[in-house]
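A.B. asks: Generate a structure from the sequence data that follows.
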Amino acid sequence: MPDNHLYYGDNLDVLRRYIAAESVDLVYLDPPFNSNATYNVLFAEHSGEKAASQIKAFGDTWSWDEEAARTYFETIQAGGEVANALKAFFTLLGESNMMAYLAMMAPRLVELRRVLKPTGSIYLHCDPTASHYLKLLMDAVFGPRFFRNEVIWKRTSSHGNVSVAYGDVTDSILFYTRADQPTWNQLYVPYSEKHVTTKFTGVDPDGRHFTTTDMRNPGYRPNLIYEYKGYKPHPNGWVCTKEKMEEYDRQGLLYFPKSPDGRIRFKRYLDESKGQRLQNLWDDIPPINARAAERLGYPTQKPEALLERIITASSNEGDVVLDPFCGCGTAIAVAQRLKRRWVGIDITHLAVNLMKHRLQSAFGESVKAEYDVIGEPTDVEGARQLAKDDPYQFQWWALGLVGARPVEQKKGADKGIDGRIYFHEGTPTDLKQVILSVKAGANLHRSMVHELRGVVEREGAQIGVLITMEPPTKPMREEAASAGFYQSPWGTHARLQLFTVAALLDGMRIDAPPMGQAGQTFKKAPKASADGHAQMALDADPE
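C.D. replies: Okay, the predicted model is just below:
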């Protein structure tokens, strides 16, 4: 079995069914909360019926409904500090969207604590809308003593807020550990130019810049009180023995003041410094701009440098990294590059397909053997069940079979287009496209092909593809055949093509210019470097 696992499904169910206790070294999660959210969220249906399957992406939001209320009361019945926290939140917030969010997050955080090893850490990424509530909830789950930091990440340089408010430019990342002795690799960042010019003012005859630090012992140590070369000790004594002082002197690491009343100081050379210890204000990692090579076009995508910092600090090679809200998979892509094992979970096939494509783009075809996908249909019956349970998820899954990206629009606004594949002929600007339509139902008729033909003509597309759960009828095949052919430099291709899910599962593919000529269906992730592209030093602090 592969070391890495990608799950499609509700992360609470996946955690409870598949993830063993104390099996994960590091958890990173970025659970969405925003009243204007445009990314996948859980349980958006107000009725509460079939909540786990009726998931929508790109448009829904958390809200207080039957499922949120049920989860709240189940958590309350379990008792303990988490129940106390939720009851206090309910007194304050009532049946609000924020209360629904906290009620849904509570059991998930309990499960995440369960799966963490005693040496494990968890980083919860959130914006100021919910960070203060989440910190209290994390205190209830993990215990206040295991709160380590609130990291502030400056995610943008400016933001157009309402007039009576300061610009909102930061996110919070809440860092907790499972126990007292977590995995920890101290990271450093380069000194600022101002720090170098103001602090490293000493210059040796060989031109090496240095700064000096006090050699005073922090506590009174009578055995370390001695004179050295006529210089008196600090009242508490030196920081080292006389033998160590002599060794430092031989190495040229002591700075002797001109005044005999001064104190000896220790030299620290700029060219030997690892930099400044990483602090909890991270303003050196920019967001992903519109032209960034790693930008995949997925809402809320975080830069790889941010995840690289977290994963490097709180895990080692071979450790297991878990992201229960995967989205486009930045955490798992970085974990793969840094030679960690990983577990990713997402509740939309759109995200799962994007993650698979991202891994293949970054690490090559061979990466497929290094992970498995759990929860996706693998046969016709599984696909038929998905089509019955949730036509939207079936649509996204079916499009993923041919590498197409769904059209990110709400129901009724797709204009007959469920997905697109772009390719080019000649120059990169000479874009062509394949238009795709997916039908989950059993009631198929000729008009579906006729409508697709009209969409292809309207959009100026080169090829139209209809994917169906059930076999197309003879009139549908006749309508497709009457549309003629598209001629490309690679040959002649039917302008309208019909595929069943069974045929795609058996390996059939769209007859189109080779995929090597494809433009950006899913934008390709940058190739991973062989050395893992580690950014930070990992040595222990010398002090």
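A.B. asks: need the contact list for R114.
C.D. replies: R114 makes contact with L15, A21, E22, according to Cβ atoms under 8 Å, 6 or more residues apart in numbering. Heads up, the C-betas are built off the backbone N, CA and C, glycines and all.
A.B. asks: Buried only: go through the residues you listed for me.
C.D. replies: Buried by 16 or more other Cβ atoms under 10 Å: L15, out of the contacts of R114.
A.B. asks: so which of the contacts of R114 comes closest to L401?
C.D. replies: L15 (27.5 Å; Cβ to Cβ).
A.B. asks: Could you say which helix or strand holds the closest one?
C.D. replies: Using DSSP states H and E, L15 falls within helix 11-18.
A.B. asks: Check which helices and strands the helix or strand where H493 lies is in contact with.
C.D. replies: Take DSSP H and E as the rule and H493 turns out to sit in strand 491-494. In terms of contacts (3 or more Cβ pairs under 8 Å, 6 or more residues apart in numbering; DSSP states H and E), strand 491-494 is packed against strand 485-488.
A.B. asks: re the thing from before, please list the residues outside the strand holding H493 that contact it.
C.D. replies: When contacts are taken as Cβ under 8 Å, 6+ apart, the neighbours of strand 491-494 outside the stretch itself are Q462, I463, A480, A481, A483, F485, Y486, Q487, D511, A512, P513.
A.B. asks: mind running it again at 6 Å?
C.D. replies: Surrounding strand 491-494, the residues in contact under the criterion Cβ atoms under 6 Å, 6 or more residues apart in numbering are F485, Y486, D511, A512.
A.B. asks: Likewise for stretch 103-113?
C.D. replies: Residues external to stretch 103-113 that are found in contact with it (Cβ under 6 Å, 6+ apart): L12, L15, V27, A68, T71, Y72, T75, V82, L86, V141, F142.
A.B. asks: pLDDT of that stretch, averaged?
C.D. replies: Stretch 103-113 carries an average pLDDT of 96.
A.B. asks: do the same with stretch 433-443
C.D. replies: Mean pLDDT, stretch 433-443: 91.
A.B. asks: Kindly format the C-alpha coordinates of that stretch as CSV.
C.D. replies: Output in CSV follows, covering the C-alpha atoms of stretch 433-443 (Å, rounded to 0.1, in the frame of the first residue of the first chain):
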residue,chain,number,x,y,z
GLN,A,433,-11.0,24.6,-26.8
VAL,A,434,-13.0,21.5,-26.2
ILE,A,435,-16.5,22.1,-24.7
LEU,A,436,-17.8,19.4,-22.3
SER,A,437,-21.3,18.6,-21.1
VAL,A,438,-22.1,15.9,-18.5
LYS,A,439,-25.5,14.1,-18.1
ALA,A,440,-26.0,12.0,-14.9
GLY,A,441,-29.5,10.9,-15.6
ALA,A,442,-30.9,7.9,-17.5
ASN,A,443,-33.3,10.0,-19.7
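A.B. asks: Begin at 32 from now on, thanks
C.D. replies: Happy to do that; since the first residue is 32 now, the last one works out to stretch 464-474.
A.B. asks: tell me which residues of that stretch are tucked away?
C.D. replies: Q464, V465, I466, L467, S468, V469, K470, A471.
A.B. asks: do stretch 516-528 as well
C.D. replies: For stretch 516-528, a neighbour-count test (16+ other Cβ under 10 Å) marks Y517, S519, H524, A525, R526, L527, Q528 as buried.
A.B. asks: likewise stretch 278-288?
C.D. replies: Neighbour-count burial for stretch 278-288, counted by 16+ other Cβ under 10 Å, picks out L284, L285, Y286.
A.B. asks: For the buried residues of stretch 464-474, could you give me a markdown table that also reports distance to D350 and secondary structure?
C.D. replies: Conversion of the buried residues of stretch 464-474 to a markdown table gives the following (distance: Cβ to Cβ, whole Å; DSSP: H, G, I helix; E, B strand; the rest coil):
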| residue | distance to D350 | secondary structure |
| --- | --- | --- |
| Q464 | 42 | strand |
| V465 | 41 | strand |
| I466 | 44 | strand |
| L467 | 40 | strand |
| S468 | 44 | strand |
| V469 | 39 | strand |
| K470 | 44 | strand |
| A471 | 41 | coil |
